[in-house]
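pasting the sequence and the predicted model now:
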Amino acid sequence: MGVLRQLRYWWPRPQFSLFLLVLWLLLMNTLSLAQLLTGAFLGWLIPFLTQPFWPERPLLHQAWRLVPYFAHLLWDILKSNVTVAWLILLPPRRLRPAFIRYPVILTDEFALAMLASTISLTPGTVSAGLSPDQKTLLIHALHVVDEEALIRHIHTRYEQPLKEILE
Amino acid sequence: MNIPLWLDALIAALLLIGAVVATLGSVGLARMPDFYMRLHGPTKASTLGVGCTMLGSLLYFSAAGKGISVQEVLITVFLFVTAPVSAHVMARAALHRRVACSAHTRHPPWPEMDHPPETPSPATRGDARHAPPSTPGEVSDTP
Amino acid sequence: MIAAILPLALLLFSVSLLLNLYRLLRGPDLTDRILGLDTLNINAIAVIVLAGIYMDTTIIFEAAMLIALMGFVGTVAMTKYLVRGDVIE
């Protein structure tokens, strides 16, 4: 039966439509029927019109496991801010900045983007570039003494969970 | 205005912490010696500082009985999603322009990013996964 | 207590804005100026929210949201221009 394919064509991304509806209601800051209908219409129209431009849909095996991941991340962001605030107050000569080449094992582009964003938000590291073959992530660290330990930390704390969740 | 005292103190603390943290981020932006080190302050401190301010404002307007205001949540989430992306694109632009890093930075990224090294550099856990030499090109796009 | 903290928070954010302005004017590279402008945007959002609390209105939060959106798009467009020499290919 082509019913499912028809539905897939006319309503390509149900979750994305729902997300757009919620986003619209948040933007309008109301819950009136008119805005609900407008949001639902836009939530249908935008995915329908833009579907040729989308890459293949990302697979979320265990989407609920993103919740503890984000909780961890929030805690790390708080810690990282204390660390960075302290480092900023030190005289810059005492800092030991370094560029670090991090060997990535993730292959999915969405997972890679998540990893790069995570690294940018956590202690003293900013992801600065990806090598053309997507195997090495260039990270700038504000103050690092043991580079191996930092690489291992990123690997166990962020990359492994992301690989399990997203790939 | 009938905000209980503890909530009043909590909101005041959030606003103050937010302002202090954001100011520290800007201090880092102003006094760090090279571009890559300057990047750290704004991406983390300013984002969290503004996030704290937003949380305080959210609590204030919700407690003041004007209905729950959710726009702050939207702005905060947006800032937290976009801050790493802007940091990444700015760092990429700086690498592309060969903006100098300060002299005591270890492992400066040039010229390896244009021509991946054939022998693993000491910073990576060099093994079979390591980058094979590929065609010269700039650092690729954000994934 | 909020009334006492608000001017202090606004003062701190004003100092941040001045520091960002210093980086924006001083450079030395174009990327530094972009970074200064980006941080200026983020701090301006916080100033708008604090002003909203001060004036006891949420109506100006729309402006904060617009600055957040436009600031990000502007930053990405400027860096893209630096890397590619073109904004829309």
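Happy to help now that I have it. Numbering: from 1, shown residues only, chains lettered A, B, ... in the order given.

which residues touch B:Leu58?
Contacts for B:Leu58 (CB atoms under 8 Å, 6 or more residues apart in numbering or on different chains) come out as B:68-70, B:72-73. For the C-beta atoms, the positions are set from N, CA and C on the backbone; glycine is no exception.

confirm A:Leu138 sits in a strand?
Yes. Assessed with DSSP: H, G, I helix; E, B strand; the rest coil, A:Leu138 lies in a strand.

which residues does it bridge with?
On the basis of DSSP bridges, A:Leu138 is bridged to A:Arg101, A:Gly129.

so what does the nearest residue to B:Cys101 once chain neighbours are set aside look like in phi/psi?
Take B:Cys101 and drop its neighbours on the chain: the residue closest to it by CB to CB, 6 or more residues apart in numbering or on different chains is B:Asp34, 4.9 Å away. Dihedral pair for B:Asp34: phi -130, psi 170, per degrees, to the nearest 10.

returning to that earlier point: going through the contacts of B:Leu58, which ones are buried?
Among these, those classed as buried by 16 or more other CB atoms under 10 Å in any protein chain shown are B:69, B:72.

hmm, which of the contacts of B:Leu58 is lowest in pLDDT?
pLDDT across the contacts of B:Leu58 is at its lowest for B:Ile68, which sits at 68.

low-confidence ranges in chain C?
The model of chain C has pLDDT under 70 over residues C:86-89.

nearest residue to the residue nearest the centre of chain A in space, please, no chain neighbours.
Closest residue to the average C-alpha location of chain A: A:Met114 at 3.1 Å, with CA atoms, centre = their mean. Once flanking residues are discounted, A:Met114 sits nearest to A:Leu162: 5.8 Å by CB to CB, 6+ apart.

wait, isn't the residue nearest to the centre of chain A in contact with A:Pro161?
No. Applying CB atoms under 8 Å as the test, A:Met114 and A:Pro161 come out as separate, 10.1 Å apart.

who does the helix ranked longest in chain A touch, helix- and strand-wise?
As assigned by DSSP state H, the longest helix anywhere in chain A is helix A:66-89. Applying 3 or more CB pairs under 8 Å, 6 or more residues apart in numbering or on different chains; DSSP states H and E, we find helix A:66-89 packed against helix A:109-121, helix A:160-166, helix B:5-31, helix B:40, helix B:47-63.

for chain C, which residue occupies the most central location?
In chain C, the C-alpha nearest the mean C-alpha coordinate belongs to C:Asn41, at 1.3 Å (CA atoms, centre = their mean).

which SS state does it fall under?
What three-state DSSP gives for C:Asn41 is helix.

tell me who's in contact with it.
Applying CB under 8 Å, 6+ apart to C:Asn41 gives the contacts C:67-68, C:70-71, C:74-75.

what's the distance between it and C:Ile60?
As judged by CB to CB, to the nearest Å, C:Asn41 and C:Ile60 stand 16 Å apart.

adding distance to C:Leu35 and secondary structure, write the contacts of B:Leu58 out as JSON lines.
Shown next, in JSON lines, are these (distance: CB to CB, whole Å; DSSP: H, G, I helix; E, B strand; the rest coil):
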{"residue": "B:Ile68", "distance to C:Leu35": "35", "secondary structure": "coil"}
{"residue": "B:Ser69", "distance to C:Leu35": "31", "secondary structure": "coil"}
{"residue": "B:Val70", "distance to C:Leu35": "30", "secondary structure": "coil"}
{"residue": "B:Glu72", "distance to C:Leu35": "25", "secondary structure": "helix"}
{"residue": "B:Val73", "distance to C:Leu35": "26", "secondary structure": "helix"}
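
filter the contacts of B:Leu58 by proximity to chain C?
B:69, B:72 (CB under 8 Å from any CB of the partner chain).

so which of the contacts of B:Leu58 is the closest to chain C?
Proximity of the contacts of B:Leu58 to chain C (CB to the nearest CB) peaks at B:Ser69, which lies at 5.2 Å.

mind listing the helices for chain C?
Ranges of helices in chain C, per DSSP H, are C:2-26, C:30-55, C:61-84.

ok, of the contacts of C:Asn41, which come out buried?
C:67-68, C:71, C:74-75.

can you put those in JSON lines and add distance to chain A?
Listed next are the buried ones among the contacts of C:Asn41 as JSON lines, based on distance: CB to the nearest CB, whole Å:
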{"residue": "C:Ile67", "distance to chain A": "15"}
{"residue": "C:Ala68", "distance to chain A": "12"}
{"residue": "C:Gly71", "distance to chain A": "17"}
{"residue": "C:Gly74", "distance to chain A": "19"}
{"residue": "C:Thr75", "distance to chain A": "14"}
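
what sits against the residue nearest the centre of chain B?
Nearest residue to the geometric centre of chain B (CA atoms, centre = their mean): B:Thr43, 2.1 Å. Going by CB under 8 Å, 6+ apart, B:Thr43 touches A:120-121, A:126, B:83-84, B:86-87.
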